[in-house]
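>>> what follows is a predicted protein model with its sequence.
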Amino acid sequence: MKKVALSLLALTFVGASAFGDDAAAAPKPIGTFTAWNEGIVQLYKQSGGSDATVGWGPAWNNVTGIDQEWSFGYDGKDYGFSGTLEFGQDNFGNSGVDAATGAGVSAPSLSWFGTYYKFNKYLELQVGKLRVGDYRPAGTLIEGNWATRIASSEFGPLLQVTLVDNLSLGVFANINQGALVKNYPYFLNYGAAYTVPNLGKATATYRNVDRILNGGVSVSVLAPATITAAFQTQADNSSSIISKKFTASIGGDFVENFTTNLDVGYSAANGSDDALGFEVQAQYAIGAYALGARVGYENVAGGGGTLLWGNTDGIDGSGGFEIYPYGTVNFDNSSSVTIGFFYTSGGIKGSESLVEIPITYVWSF
């Protein structure tokens, strides 16, 4: 893209020299286009005593297949847009196979999209089927953000106000077609984020539509250590708590080129077993290359109760003891390719062990 921008600048200069006043109509250099995609090639996958298979991931994607989704965006002067296209295999439309059940599905071609406008540094408007995580808790250092967003692939406008430096307040109207105007208060979600430079950040979200409250802090004042803590609760119509989740992390580069992180988590929901888990990561980097491993344990089937496994790596564990050694090569613009060996012991309420050899690839520009 830099070459394109430089070429346009050169054309503008030539036009100014050749045509004088007429050059005022020459086009301005374009803004910045971005794109991102992540996929997993499953070279080997075996659950319990079943026959081994091959296939595609990641597990969190709506449909399975190579390059199942493509996130893209454009940033201009005080405005831009972004979105994610869903597709399975070579079908660029909206059909594919459900990653969890293997059944045929029809997913929206655009899983989310939005346009933003910045009127000044104090006010921003976003409109579309928005997926905005500005007010999510920091989550965990290994597995990233997990809490519900102020807008999670939902239609409506989001207004963000920054009247005081480092303090952002947001309100999102979850607009359902045909909904009565008098019900507006029930469709509003709220968010807040406050950043203290060189110290940390605090965030909070409340969603009226599903009575979800979450919040958290990320502290970096003890550099090189970073500490995070987050919670989320959900209530029913009578305001009784029906689910709760807590996570905490600590980690950093305490030795040059060597990163260590620890995540712990707990969750409980009505009608389900309490989940408790942890995950440890160690990674050593030499230039563009890195070797690392993740080791963890979770006491629920599926490994998803605390979201401490498979949340970002996209590998669907089965609970119990888990280990994932890997090697990564990093390229520019956050592109990378990773190959590893994944194992979970299972044995949690009849869950089976899982062995997988995944190649995870990310392309980005």
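On my side now, so go ahead.
>>> OK, contacts around the closest residue to Gly80 other than its chain neighbours?
Using Cβ to Cβ, 6 or more residues apart in numbering and skipping the chain neighbours, the partner closest in space to Gly80 is Tyr74 (5.2 Å). Yep, even glycine has a C-beta here, placed from its N, CA and C like the rest. Contact analysis of Tyr74 by Cβ atoms under 8 Å, 6 or more residues apart in numbering lists 31-34, 80-82.
>>> over to Tyr44?
52, 54, 355-357.
>>> apart from its neighbours in sequence, what residue is nearest Asn61?
Gln68 (4.6 Å).
>>> what about that neighbour, how many neighbours?
Counted with other Cβ atoms under 10 Å, the neighbours of Gln68 add up to 25.
>>> ok, it to Gln160 distance?
30 Å (Cβ to Cβ, to the nearest Å).
>>> cool, Ala248 as well?
Here the criterion is Cβ to Cβ. By it, Ala248 lies 28 Å from Gln160.
>>> quick one, which of those two is more surrounded?
Between Ala248 and Gln160, Gln160 has the larger neighbour count (other Cβ under 10 Å), namely 22 against 17.
>>> host element of the more buried one?
Per DSSP states H and E, Gln160 falls inside strand 151-164.
>>> next SSE after that strand?
Once strand 151-164 ends, the next helix or strand along the chain (criterion: DSSP H and E) is strand 167-173.
>>> following that following strand, which helix or strand shows up next?
By DSSP H and E, the next helix or strand past strand 167-173 is strand 188-196.
>>> what helices or strands is the helix or strand following that next one leaning on?
Heading C-terminal from strand 188-196, the first helix or strand you meet, by DSSP H and E, is strand 200-207. If contacts are counted by 3 or more Cβ pairs under 8 Å, 6 or more residues apart in numbering; DSSP states H and E, strand 200-207 sits against strand 188-196, strand 212-219.
>>> which parts of the stretch 201-350 of the chain are strands?
212-219, 226-235, 241-255, 258-269, 275-286, 289-298, 320-330, 336-340, 342-344 (DSSP state E, counting those that start in this stretch).
>>> as JSON lines, these with mean pLDDT and distance to Ser109 would be great.
JSON lines is the format used below for these (pLDDT from 0 to 100; distance: least, Cβ to Cβ, whole Å):
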{"stretch": "strand 212-219", "mean pLDDT": "97", "distance to Ser109": "27"}
{"stretch": "strand 226-235", "mean pLDDT": "96", "distance to Ser109": "30"}
{"stretch": "strand 241-255", "mean pLDDT": "95", "distance to Ser109": "32"}
{"stretch": "strand 258-269", "mean pLDDT": "95", "distance to Ser109": "33"}
{"stretch": "strand 275-286", "mean pLDDT": "95", "distance to Ser109": "34"}
{"stretch": "strand 289-298", "mean pLDDT": "94", "distance to Ser109": "34"}
{"stretch": "strand 320-330", "mean pLDDT": "94", "distance to Ser109": "31"}
{"stretch": "strand 336-340", "mean pLDDT": "96", "distance to Ser109": "27"}
{"stretch": "strand 342-344", "mean pLDDT": "91", "distance to Ser109": "31"}
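>>> looking at these, which is nearest to Thr306?
For the strands of the stretch 201-350 of the chain, the distance to Thr306 is smallest for strand 258-269, at 3.3 Å, taking Cβ to Cβ.
>>> now Trp60: closest residue in space, sequence neighbours ignored.
Closest residue to Trp60 apart from its sequence neighbours, by Cβ to Cβ, 6+ apart: Gly314 at 5.6 Å.
>>> neighbours of the one you found, just the number please.
Gly314: 17 neighbours (other Cβ under 10 Å).
>>> help me confirm that it comes into contact with Gly57.
Yes. With contact defined as Cβ atoms under 8 Å, Gly314 reaches Gly57; the gap is 5.1 Å.
>>> so what sits against both of the two?
Contacts common to Gly314 and Gly57, judged by Cβ under 8 Å, 6+ apart, are 40, 360.
>>> okay, and the beta partners of Val127?
Thr115, Pro157 (DSSP bridges).
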